[in-house]
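Engineer: Mind looking at a prediction? Sequence and model below.
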Amino acid sequence: MKKVSLKFLGASGTVTGSKFYLETPELNIMIDCGMFQGLKELREKNWEPLPIDASKIDVVLLTHGHLDHTGYLPRLVKEGFKGSIIGSYPTLSIAQIILLDSAKIQEEQAKKANEEGYSKHPKALPFYDLKEAQRTIDLFSGRQKDEWVQLSDNIRFKFRYNGHIIGSTFIELEIFEKLFAFSGDVGRLDDKLLLPPERPEWADYLFLESTYGNKLHPKENIAEILSDLVQKTIHERGTLIIPSFAVERLQLLMYLFWQLYKKNKIPNIPIFIDSPMGNNVLGVFEQFTDWHKLSKADYEAMCNHFNIITSYADTWKTIDDKRPKIVIAGSGMVTGGRVLTYLKQLVDEPTTKVLLVGYQAEGTRGRQLLEGTHELKLFGKYYPVKASIHFIESLSAHADQAELLNFIDNIKNTPEKVFLIHGEPGALDAFKVKIRDTKGWDCHIPKLEENIDLWL
């Protein structure tokens with residue numbers, strides 16, 4: 001018998017920081033390598049060395065490019081990793097954009113904290129810098145989807161489309177003829193931009209995301225909600241601020257507003273896109289047309305409808321623009337990025353509306369706004385929240401419980417073990433019960449840094 005040792009180094013008992021480490025007789029493999037986000041106690045774990053020897057990892061396989069799946073890579077390299085980082089081609093394009101943007105923001109925030117003296121440390125340091133991000137990108141190696149890739153004599157893998165963001169996949173990893181299926185983040189069945197997720201047919205060991213394992217997304221009339229917010233913004237001569245994830249959500253919002261305008265559901269209100277990273281992601285959509293639904297003509301027409309901000313000086317011009325307007329800016333959980341500048345200036349205005357359009361992790365400013373906080377801490381200072389806060393849950397790029405069950409419905413065997421990951425405790429517990437009741441499968445909710453030995 002062959003032993004495979006599993007180590008759950010992230011997204012275990014929590015949503016963020018995806019890292020799953022497999023020690024096998026032939027190779028040591030890490031699936032995803034993300035940063036923790038949200039609660040301070042989780043973010044602080046980013047700074048702790050991993051409880052494994054990074055220099056002994058042979059390969060990292062990425063399900064997709066989001067920061068909570070890729071953001072720890074430069075630290076892994078710093079700790080001695082020298083192997084290959086393999087993802088689909090659009091995933092690596094997204095990861096490159098995200099890592100460079102993240103490094104730049106961290107450098108800027110550390111500099112600002114040092115200059116203005118609001119760091120609790122003698123000297124604020126970036127989690128990683130641009131040089132470290134580039135050193136990581138140099139290890140990237142792209143592969144096509146739907147093709148088996150041999151890693152060693154008895155280990156091979158395949159990327160398969162799962163519709164969460166452009167380039168995202170689930171991973172089928174075959175180790176000594178046993179199939180380990182890593183769901184990654186599963187997308188929606190009826191996404192406006194992306195195709196429906198493909199589904200695994202077999203899994204001896206299934207690693208299944210559970211972000212919405214206890215919920216069904218509401219059936220919301222998104223067009224009506226958006227057009228109503230636009231009309232109120234125009235009537236009150238205010239600003240509608242939409243914090244947005246730069247990958248997928250930004251492009252989806254652009255598509256929705258463009259469609260509303262084309263159908264005469266909203267007037268030609270100025271809409272500003274202020275996300276350097278989001279602008280770069282638009283280029284990935286242009287390059288990888290077989291990964292999404294938009295035609296080249298529609299893509300170009302959509303982009304031409306918006307005011308794309310390219311400089312920080314233009315951010316301030318937009319803030320000073322007294323016209324009613326919409327601003328879509330990163331980041332989606334209000335943890336950083338350009339949206340903080342807009343909120344600092346406008347969150348205390350009753351004519352401001354803030355629309356949250358996706359999952360808000362515990363400990364983020366987005367979650368605080370969602371839960372009705374009366375003040376927001378930005379750049380070391382507190383600002384009163386007088387803006388009205390709105391939320392569209394159904395724009396989430398994560399499958400809900402029914403869609404997750406649909407994702408696993410095609411599996412023809414009974415997995416030896418299902419590991420429920422990437423969820424908060426309530427979602428994990430509810431989903432475990434649901435799978436047990438509907439499938440009879442043996443589910444386990446791993447704890448952070450839990451080790452499990454499997455004998456194949």
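Structural biologist: Okay, I see it.
Engineer: C-alpha from now on. contacts and neighbour counts both.
Structural biologist: Will do.
Engineer: now what about stretch 386-395, what contacts it?
Structural biologist: 217-220, 222, 249, 346-359, 369-370, 372, 374 (CA atoms under 8 Å, 6 or more residues apart in numbering).
Engineer: Mind doing that once more with 7 Å?
Structural biologist: 217-218, 220, 347-358, 369-370 (CA atoms under 7 Å, 6 or more residues apart in numbering).
Engineer: Which ones among the residues you listed lie within strands?
Structural biologist: Judged by DSSP state E, strands contain the following of the contacts of stretch 386-395: 353-356.
Engineer: filter the contacts of stretch 386-395 to the buried ones?
Structural biologist: 217, 347-349, 351-358, 369-370 (16 or more other CA atoms under 10 Å).
Engineer: Please, which helix or strand holds Asp32?
Structural biologist: strand 28-33 (DSSP states H and E).
Engineer: Direction included, what does that strand pair up with?
Structural biologist: Paired strands of strand 28-33, with direction, are strand 19-23 (antiparallel), strand 59-61 (parallel) (DSSP bridges).
Engineer: Dihedrals phi and psi, the most centrally placed residue in the chain?
Structural biologist: Nearest to the mean C-alpha position of the chain, by CA atoms, centre = their mean, lies His66 at 4.1 Å. Dihedral pair for His66: phi -60, psi 150, per degrees, to the nearest 10.
Engineer: so who does it touch?
Structural biologist: Ala95.
Engineer: Find the nearest non-adjacent residue to Tyr161, please.
Structural biologist: Leaving aside its sequence neighbours, Tyr161 sits nearest to Thr169 (CA to CA, 6 or more residues apart in numbering; 4.5 Å).
Engineer: any idea how far that neighbour lies from Phe127?
Structural biologist: 27 Å (CA to CA, to the nearest Å).
Engineer: So between the two, which is more surrounded?
Structural biologist: Thr169 (30 against 17; other CA atoms under 10 Å).
Engineer: Now do that one, the pLDDT please.
Structural biologist: We have a pLDDT of 98 for Thr169.
Engineer: Go ahead and confirm it touches Asp146.
Structural biologist: No - here Thr169 lies out of contact with Asp146, judged by CA atoms under 7 Å, at a distance of 9.9 Å.
Engineer: between the two, what contacts are shared?
Structural biologist: 159-160.
Engineer: how about the strands paired with strand 28-33, which one is nearest Lys439?
Structural biologist: Set against Lys439 and scored by CA to CA, the strands paired with strand 28-33 come closest in strand 19-23, at 24.8 Å.
Engineer: Longest helix of the protein, counting residues only.
Structural biologist: If you go by DSSP state H, the chain has its longest helix at helix 89-116.
Engineer: right, and the helix or strand after that helix?
Structural biologist: By DSSP H and E, the next helix or strand past helix 89-116 is helix 130-137.
Engineer: Low-confidence ranges, this protein, go.
Structural biologist: 117-121 (pLDDT under 70).
Engineer: now the helices for it?
Structural biologist: Counting by DSSP H, the helices of the chain are 40-43, 67-70, 73-78, 89-116, 130-137, 222-235, 249-262, 276-287, 296-304, 312-320, 339-346, 365-370, 401-408, 425-439.
Engineer: Name the residues of the first one that come out as buried.
Structural biologist: Buried residues in helix 40-43, counted by 16+ other CA under 10 Å: 42-43.
Engineer: show me what contacts Phe176?
Structural biologist: Contacts of Phe176 (CA under 7 Å, 6+ apart): 154-155.
Engineer: The one 4 residues further on too?
Structural biologist: Shown in contact with Phe180 (CA under 7 Å, 6+ apart): 172-174, 203-206.
Engineer: ditto for Asn280
Structural biologist: Asn280 touches Ile97, counting by CA under 7 Å, 6+ apart.
Engineer: hmm, 10 Å instead?
Structural biologist: 93-94, 97-98, 246-247 (CA atoms under 10 Å, 6 or more residues apart in numbering).
Engineer: What's the ChimeraX line that selects buried ones from the residues you listed?
Structural biologist: Entered in ChimeraX, the line below selects the buried ones among the contacts of Asn280, by 16+ other CA under 10 Å:
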select :93,94,97,98,246,247
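Engineer: Farthest pair within the contacts of Asn280?
Structural biologist: Top of the distance list for the contacts of Asn280 (CA to CA): Ser93 and Ala246, 13.3 Å.
Engineer: what about the residue lying closest to Ile175 once chain neighbours are set aside, how many neighbours?
Structural biologist: Counting by CA to CA, 6+ apart, Ile175 lies nearest to Ile155, which is 4.7 Å off, once chain neighbours are set aside. By the criterion of other CA under 10 Å, Ile155 has 18 neighbours.
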